[in-house]
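Student: this one's structure only:
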DNA sequence: TCATATT
């Protein structure tokens, strides 16, 4: 109630688009007017930070039909850059929209020798099949599952309800599994989860106990990890019953088994390293960074170094910045996650060649000796969570940024040398 | 290699 209208009309045909590279100062009416030049648009919703209500630089656009939505996409995506934005508008179907519109089903528990023709014969009883694809391995052998698209949602639903858990293909002792196909987002989530579970199999052994790795049983998988994925959707969310075992088996066929732990999971172990040699540091450990605690003082300060702020603590202490205690990056609850705080002009740094294992916090720690760190952000791959090895650090004063550059640019961290420079500024300065 | 973000 307090927020006004709860949600907009979402008829079956209307299509939601996600739009990125929207300047934060633009209003919904302005955006609506702009998009209406290209397509019928029912509504624009700016996506705002939950806490601050400030625009996150993107919005949703609701179009009455797929045709209209496509017009907006074709006219705007990568086609025009709004004043203040650094790159062209990104206009695409919002997460889950395409899947919703495609009425795409997953079919599991198919006997391996069943072909498209037989599946088609069964499923065409319930509607017009627009697309059907059996998943196959390298030798064209069926993986026992398929994707199928119907013309309408009603058809898909009818097939789902009639077949899932009920219909057995000829010669099979188990019924088919039919469910809505995962959305792209769900797949990404699963990928990320898998990547993370693999990472957690080699838990920071670099810093403290490299030998621990060799002590783990070969087949060790953390208990919470289970199969490394979850049954899609979660049973509680499904509007129909799916026998749990079938669901798991169906996906078991699709998912590679957890690998035996080997050097493939240890990029830092050379090909000749085996667990029996773990007590010898691999060459790549030499420059490797011992996680957070070791980072308090990335460099030996030149004796004559002028500290940007008066510091009582000696360079060897753990809190060099005690004189400029910074709330943004280190202490307390305001962790500055998500919304990036930008410092004044000249106080924002772009950093490249950040060690892979660094996260926001490690980056902040590395740069806080030079001033008040307003924000520190390491960019990570959306799907895998892996660091892209670059990021940003913002100070509250350009002088701090300069001293960070002079001290940290070229500083060897891990295998590579940091590149530290002022962040590019896309904003056009005030015209006077 | 420069803030890509899904109410």
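Tutor: Happy to help now that I have it. None of these values were measured; they are calculated from a predicted model.

Student: who in the stretch 251-400 of chain A is up against DNA strand B?
Tutor: Residues of the stretch 251-400 of chain A lying near DNA strand B by CB under 7 Å from any atom of the strand: A:340, A:342, A:348, A:350, A:352, A:375, A:377, A:379, A:382, A:388, A:390, A:392, A:394. In this view, the C-beta of every residue, glycine as well, is placed from N, C-alpha and C.

Student: bridging residues for the fifth one?
Tutor: Put plainly, it is residue A:352. Note on residue A:352: beta-bridge partners by DSSP bridges are residue A:390, residue A:419.

Student: and it, what pLDDT?
Tutor: Model confidence at residue A:352, given as pLDDT, is 97.

Student: where does chain A have its least confident helix or strand?
Tutor: helix A:210-215 (a mean of 25; mean pLDDT, DSSP states H and E).

Student: can you list the weak-confidence ranges in chain A?
Tutor: Applying pLDDT under 70 to chain A picks out residues A:1-10, A:195-196, A:198-339, A:427-432.

Student: mind naming the longest helix for it?
Tutor: Ranked by residue count, the top helix of chain A under DSSP state H comes out as helix A:184-199.

Student: where does the stretch 251-400 of chain A get nearest to DNA strand B, which residue?
Tutor: Ranked by CB to the nearest atom of the strand, the top residue of the stretch 251-400 of chain A for proximity to DNA strand B is residue A:340, at 2.9 Å.

Student: that residue: neighbour count?
Tutor: 13 (other CB atoms under 10 Å).

Student: quick one: it from residue A:87, how far?
Tutor: Remark: distance between residue A:340 and residue A:87 (CB to CB, to the nearest Å) = 16 Å.

Student: same question, residue A:348
Tutor: Counting by CB to CB, the gap from residue A:348 to residue A:87 is 18 Å.

Student: the two: who's more crowded?
Tutor: Neighbour count, other CB under 10 Å: between residue A:348 and residue A:87, residue A:348 has more, with 22 against 11.

Student: look up phi and psi at that one.
Tutor: When read as degrees, to the nearest 10, the backbone of residue A:348 gives phi -110, psi 130.

Student: my read is that it contacts residue A:342, right?
Tutor: Yes: contact between residue A:348 and residue A:342 holds when scored by CB atoms under 8 Å: they sit 5.9 Å apart.

Student: shared neighbours, these two?
Tutor: Residues touching both residue A:348 and residue A:342 (CB atoms under 8 Å, 6 or more residues apart in numbering) are residue A:394.

Student: run through who's touching stretch A:77-88.
Tutor: By CB under 8 Å, 6+ apart, stretch A:77-88 touches A:21, A:22, A:23, A:24, A:25, A:26, A:89, A:90, A:91, A:92, A:426, A:427.

Student: buried residues of that stretch, list them for me.
Tutor: Residues of stretch A:77-88 classed as buried: A:77, A:82, A:85 (neighbour count, 16 or more other CB atoms under 10 Å).

Student: from the residues you listed, pick the one nearest residue A:60.
Tutor: Set against residue A:60, the nearest of the buried residues of stretch A:77-88 by CB to CB is residue A:77 (14.6 Å).

Student: distance check, the nearest residue to residue A:343 once chain neighbours are set aside against residue A:153.
Tutor: Computed as CB to CB, 6 or more residues apart in numbering, the closest residue to residue A:343 that is not its neighbour in sequence is residue A:394, at 3.9 Å. Remark: distance between residue A:394 and residue A:153 (CB to CB) = 47 Å.

Student: these two: who's more crowded?
Tutor: Neighbour tally, residue A:394 and residue A:153, criterion other CB under 10 Å: the higher count belongs to residue A:394, 26 against 15.

Student: I'd guess the more buried one is in a strand, am I close?
Tutor: Yes: counting by DSSP: H, G, I helix; E, B strand; the rest coil, residue A:394 is located in a strand.

Student: if I look at it, how far off is residue A:105?
Tutor: 48 Å.

Student: which ones among the contacts of stretch A:77-88 are found in strands?
Tutor: The strands, defined by DSSP state E, take in A:90, A:91, A:92 from the contacts of stretch A:77-88.

Student: next, count neighbours for the first one.
Tutor: When counting by other CB under 10 Å, one arrives at 17 neighbours for residue A:90.

Student: before we move on, back to that, would you point out the most distant pair within the contacts of stretch A:77-88?
Tutor: Maximum pairwise distance in the contacts of stretch A:77-88, criterion CB to CB, is 25.6 Å, between A:92 and A:427.
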